[in-house]
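K.L.:
Sequence below, structure please.
(one chain, ligands or ions: 1)
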Amino acid sequence: MEILVDTVNLEQIRRYNKTLPLSGVTSNPTIVKKEGRINFFEHLREIRRIIGKNKALHVQVVGSTVDEIVADAHRITEEIDQDVYIKIPTNEEGLAAIKILKNKGLHITATAIYTAFQGELALAAHADYLAPYYNRMQNMNIAADQVIAELAQAIKKSGSQTKILAASFHNVEQVTAAIKNGAHAVTIGTDVVNAGLNVPLISAAVTDFKNDWKSLYGDVTIAALK
Ligand SMILES: O=C[C@H](O)COP(=O)(O)O
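P.N.:
Here you go, the predicted model:
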């Protein structure tokens, strides 16, 4: 299972790169907007410096035509590095661009996936990752679990190396459901990570354990025990 964070906030990336079993960082223009008008390429290079070469960095194009998408992809890889996963929306232009860019050896994440149909086409176009939008599917009454399960099945059947990178999560239940239904990777916003880990139930258990220990040995850790 690969865990990625869906943010370009440097402080949060530094934090979760230390604390989580992190496989990478994902972004899109809406996520970039949260940081204001940053120095785009320098900011992404800093993210690469933080996470290193062995973790994945996914960066989205903004061009709409095939030529624009291809040009965006080349600029991103020139400015950052060839290891970046280029996120391309899975529409007709996007699929055409994916075919061209895969032939040139670029890494591709087919994004904005709402249906198994889109995912099947991106799989056939040899995208490295398929990014179904879990919460956005639910908002449209599309069965997100079923789409992910069907894509997982299609990938298995094809014997392809393509992975499902589920995205657009608004709570932890959605994340675990995506994993259960066959997502190989999940990208999670820092609000959801925080909501899942910093909860009163966990803190209460930790406090109880600490108090029980303290009642026996006093206010010392195991390492400091005499
Ligand atoms: O890049 C995809 C994002 O995970 C979409 O998330 P969102 O639905 O919260 O905007």
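
K.L.:
May I have the phi/psi pair for Val32?
P.N.:
As for Val32, its main-chain torsions (degrees, to the nearest 10) stand at phi -60, psi -40.

K.L.:
What count of nearby residues applies to the residue nearest to it when sequence neighbours are not counted?
P.N.:
Closest residue to Val32 apart from its sequence neighbours, by CB to CB, 6 or more residues apart in numbering: Val8 at 5.7 Å. Glycine gets a C-beta too; all of them are placed from N, C-alpha and C. By the measure other CB atoms under 10 Å, the count of residues near Val8 is 24.

K.L.:
do the same with Glu35
P.N.:
For Glu35, using other CB under 10 Å, the count is 14.

K.L.:
Please identify the residues of the protein in proximity to the ligand?
P.N.:
Within the chain, the positions near the ligand by CB under 6 Å from any ligand atom are 6, 28, 30, 111, 133, 135-136, 167-168, 187.

K.L.:
which among those residues end up buried?
P.N.:
By neighbour count, with 16 or more other CB atoms under 10 Å, the residues of the chain next to the ligand hold 6, 28, 111, 133, 135-136, 167-168, 187 as buried.

K.L.:
CSV for those residues, including distance to Ile148?
P.N.:
Shown next, in CSV, are these (distance: CB to CB, whole Å):
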residue, distance to Ile148
Asp6, 17
Asn28, 19
Thr111, 14
Tyr133, 11
Asn135, 13
Arg136, 13
Ala167, 11
Ser168, 12
Thr187, 14
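
K.L.:
Regarding the chain, what is its longest helix?
P.N.:
helix 200-217 (DSSP state H).

K.L.:
List the contacts of it.
P.N.:
Helix 200-217 is contacted from outside by Leu225, using CB atoms under 8 Å, 6 or more residues apart in numbering.

K.L.:
Let's see that helix as PDB, backbone CA atoms only.
P.N.:
In PDB, the C-alpha atoms belonging to helix 200-217 read as follows (Å, rounded to 0.1, in the frame of the first residue of the first chain):
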ATOM      1  CA  PRO A 200      -9.700  12.200  21.400                       C
ATOM      2  CA  LEU A 201     -10.100   8.400  21.600                       C
ATOM      3  CA  ILE A 202      -6.500   7.800  20.800                       C
ATOM      4  CA  SER A 203      -5.300  10.500  23.200                       C
ATOM      5  CA  ALA A 204      -7.500   9.100  26.000                       C
ATOM      6  CA  ALA A 205      -6.000   5.600  25.500                       C
ATOM      7  CA  VAL A 206      -2.500   7.000  25.600                       C
ATOM      8  CA  THR A 207      -3.300   9.000  28.800                       C
ATOM      9  CA  ASP A 208      -4.800   5.900  30.500                       C
ATOM     10  CA  PHE A 209      -1.700   3.800  29.700                       C
ATOM     11  CA  LYS A 210       0.600   6.600  30.900                       C
ATOM     12  CA  ASN A 211      -1.300   7.000  34.200                       C
ATOM     13  CA  ASP A 212      -1.300   3.200  34.900                       C
ATOM     14  CA  TRP A 213       2.500   3.100  34.300                       C
ATOM     15  CA  LYS A 214       3.000   6.200  36.500                       C
ATOM     16  CA  SER A 215       1.000   4.700  39.300                       C
ATOM     17  CA  LEU A 216       3.500   1.800  39.400                       C
ATOM     18  CA  TYR A 217       6.900   3.300  38.600                       C
END
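
K.L.:
Okay, domains of this protein per the record?
P.N.:
As assigned by automatic domain parsing, the chain contains the domains 2-188, 197-226.
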